[in-house]
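Enquirer: Got a sequence here, can you build the structure:
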Amino acid sequence: MRKSGCAVCSRSIGWIGLAVNAVLTVMKALVGLVGGSQAMLADAMYSLKDMFNALTVIIGTNISSKPLDAEHPYGHGKVEFILSMAVSVIFLGLTGYLLIHAVTILLNEDMHRTPHMIVLWAALISVGVNVGMYFYARCVATETNSPIIKTMAKHHHGDATASGAVALGIIGAHYLKMPWIDPAIALWETIDLLILGKAIFMDSYKGLMDHTASDGERGRMVDAALAVPGVRGVLRLRARYVGQDVWGDMIIGVDPEASIDQAHEICEAVRAAVCRRMRRIASLHVSAEPLEEGANPATQFSDEPLNFDEVMLAKADT
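Expert: Numbering: from 1, shown residues only. Below is the predicted model of the structure:
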């Protein structure tokens, strides 16, 4: 974490999100019923969904922060992906029901009503609150690299967009005399919820399947290794996420005349350099193999199957 307050924020953001979304859910539901807005009632489901997400943040961050133990040598980080997937499945089921309801109302002209202007003010309040929560959650997610807090930030971004659409719909219904626009906005919201739910589900799936680190992250790891004196090349790199942390294995090329102690010191220097460069390295194993100066690293592995994530044919002098 870059900032000293990030740990405190990561522990408190779930409770803050739970309280904020509970208030927004009650407000939107009451205003939607009193004001006669189907879009606002659908918007209330955004906040209800975020209440469940906040609960998963509270549970997930508490469990994932536990230290390694004999039964969990890779930590507890995957619990965040499991909880995110559970939320996305519930989310998709709930949204499917809302989609059917929105289509039914939109096709029935007798149910089209111009909502009360109180709905506009509630929507504007929701936009302001969700924008603030989005930037707050995004900051915490960036500093902690927590997938479940990233999900929380996405939820608040979607909520702010939906509430803004509700506000525009109320203006259109009143000043453009289009009462059908309110159920149309409700339909749009449900489609947006489905897309968001799918994205969250896929992110969780990738996390559970130990997806590889990005090209940019692996590139920074290679650059940090090549900057260490004595490293002639990075021959192999395998890096994957386990929870919010990166676990990696790296093979570097060193002078064939180097002693075992010298090679070990270079490996330790590489590990320290990469950990300084990358913020979320949980484990990095670095080993060394001899590499003649000027030799093509590809020849060192000509007889080995390429069953690893990535082969880096990089030299220190390139």
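Enquirer: For this structure, which segments count as helices?
Expert: When assigned using DSSP state H, the helices of the chain occupy the ranges 6-35, 38-64, 78-107, 118-144, 147-175, 181-208, 215-226, 260-277.
Enquirer: List the contacts of stretch 48-56.
Expert: The contact list for stretch 48-56, computed with CB atoms under 8 Å, 6 or more residues apart in numbering, reads 14-15, 17-18, 21-22, 24-25, 80, 83-84, 86-87, 90-91, 94, 148, 151-152, 155-156, 159, 193. Yep, even glycine has a C-beta here, placed from its N, CA and C like the rest.
Enquirer: What about residue 157, how many residues nearby?
Expert: 18 (other CB atoms under 10 Å).
Enquirer: I meant to write residue 114 there.
Expert: By other CB under 10 Å, 18 other residues sit near residue 114.
Enquirer: Next, give phi and psi for the residue lying farthest from the centre of the chain.
Expert: Most distant residue from the mean C-alpha position of the chain: residue 257, 45.8 Å away (CA atoms, centre = their mean). Phi and psi for residue 257, reported as degrees, to the nearest 10, are phi -80, psi -10.
Enquirer: what's the distance between it and residue 290?
Expert: Residue 257 is 8 Å from residue 290, where distance means CB to CB, to the nearest Å.
Enquirer: hmm, back to that, quick one, which of the contacts of stretch 48-56 are buried?
Expert: The neighbour count (16 or more other CB atoms under 10 Å) marks 14, 17-18, 21, 24-25, 80, 83-84, 87, 91, 94, 148, 151-152, 155-156, 159, 193 as buried among the contacts of stretch 48-56.
Enquirer: re the thing from before, could the helices of the chain be laid out in TSV, adding distance to residue 249 and mean pLDDT?
Expert: Shown next, in TSV, are the helices of the chain (distance: least, CB to CB, whole Å; pLDDT from 0 to 100):
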stretch	distance to residue 249	mean pLDDT
helix 6-35	28	83
helix 38-64	23	76
helix 78-107	19	77
helix 118-144	24	87
helix 147-175	22	80
helix 181-208	20	78
helix 215-226	11	85
helix 260-277	11	90
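Enquirer: Distance to residue 237 for these - can I get that in JSON lines?
Expert: Below are these laid out as JSON lines (distance: least, CB to CB, whole Å):
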{"stretch": "helix 6-35", "distance to residue 237": "28"}
{"stretch": "helix 38-64", "distance to residue 237": "25"}
{"stretch": "helix 78-107", "distance to residue 237": "22"}
{"stretch": "helix 118-144", "distance to residue 237": "24"}
{"stretch": "helix 147-175", "distance to residue 237": "22"}
{"stretch": "helix 181-208", "distance to residue 237": "19"}
{"stretch": "helix 215-226", "distance to residue 237": "6"}
{"stretch": "helix 260-277", "distance to residue 237": "10"}
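Enquirer: So for residue 235, which of these sits nearest?
Expert: The minimum distance between residue 235 and the helices of the chain falls on helix 215-226, with 10.4 Å, by CB to CB.
Enquirer: mind listing what's buried in the closest one?
Expert: 217, 218, 221, 222, 224, 225, 226.
Enquirer: which pair in those residues spans the largest distance?
Expert: 217 and 226 (15.3 Å).
Enquirer: any idea how far the closest residue to residue 9 other than its chain neighbours lies from residue 200?
Expert: On the basis of CB to CB, 6 or more residues apart in numbering, the spatially nearest residue to residue 9 that is not a chain neighbour turns out to be residue 140, at 4.7 Å. Shown here: residue 140 relative to residue 200, a distance of 17 Å by CB to CB.
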